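Asker: Need the 3D shape of this:
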Amino acid sequence: MAGITIRQMVHANICVRDLEKTVPFYEMLGFEVFADQIFGEGARTWVGLGLPEGRRFRAVFMKIPGDKPVPFLDIIQFLDPPTAGAPYPTLHNVGICRLCFEVEDIDAAAATLKANGVEFVGPVTPYEIAYDVRPQGVEARFLCFKDPDGNIMEYAQFAGAATDVLAGD
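Answerer: Numbering: from 1, shown residues only. As a prediction, the model looks like this:
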């Protein structure tokens with residue numbers, strides 16, 4: 001069997017209850033909107049998503065500012081029927097539990113989040129596998145926090161760059 005060649009990550013999808021509340025939150029995090037679309041009845045999208053037809057959702061696509069179009073966030077709100085369910089209650093649940101983005105200044109980012117009333121999962125913390133032991137020598141600090149629906153996001157600041165994580169391989 002031939003191997004699969006992945007070229008790049010394209011997007012992560014986040015299902016939310018209220019885009020009018022969520023989009024400004026992600027703009028505050030540093031993302032910008034580049035598309036806003038309604039997916040309606042009759043779209044073949046439903047077949048690919050394994051959902052029955054007769055639904056509608058609104059998708060707002062947000063990217064990191066600059067000239068790179070991917071990866072981006074595909075943030076959707078089901079309109080008919082409305083979004084249902086709840087996010088993972090803790091970070092030790094099975095499934096994709098958080099998205100991480102590199103920031104230049106984690107302390108400034110934390111201050112902005114705090115000033116905007118964002119709920120933190122924990123404080124800004126060193127990235128380590130044991131007390132004062134950095135994995136593969138990578139020096140970083142991270143902060144986990146919740147979006148308006150309770151989905152957990154993460155910011156990380158590296159002493160070098162995020163690509164340093166691969167240097168130890």
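Asker: list the contacts for the most centrally placed residue in the chain?
Answerer: Closest to where the C-alpha atoms of the chain average out (CA atoms, centre = their mean) is Leu99, at 3.8 Å. For Leu99, the contact set (CB atoms under 8 Å, 6 or more residues apart in numbering) comprises Ala12, Ile14, Leu73, Met153, Glu154. For glycine as for every other residue, the C-beta is placed from the backbone atoms N, C-alpha and C.
Asker: can you put the residues you listed in TSV and add neighbour count and secondary structure?
Answerer: TSV is the format used below for the contacts of Leu99 (neighbours: other CB atoms under 10 Å; DSSP: H, G, I helix; E, B strand; the rest coil):
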residue	neighbour count	secondary structure
Ala12	12	strand
Ile14	21	strand
Leu73	20	strand
Met153	20	strand
Glu154	17	strand
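Asker: And those residues, which is closest to Arg55?
Answerer: Among those, Ile14 lies closest to Arg55 (CB to CB), at 17.6 Å.
Asker: was I right about that closest one contacting Lys146?
Answerer: No - shown here, Ile14 and Lys146 do not form a contact pair, counting by CB atoms under 8 Å, at 11.9 Å.
Asker: can you redo the contacts of Leu99 as JSON lines with distance to Arg56?
Answerer: Below are these laid out as JSON lines (distance: CB to CB, whole Å):
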{"residue": "Ala12", "distance to Arg56": "22"}
{"residue": "Ile14", "distance to Arg56": "18"}
{"residue": "Leu73", "distance to Arg56": "20"}
{"residue": "Met153", "distance to Arg56": "26"}
{"residue": "Glu154", "distance to Arg56": "31"}
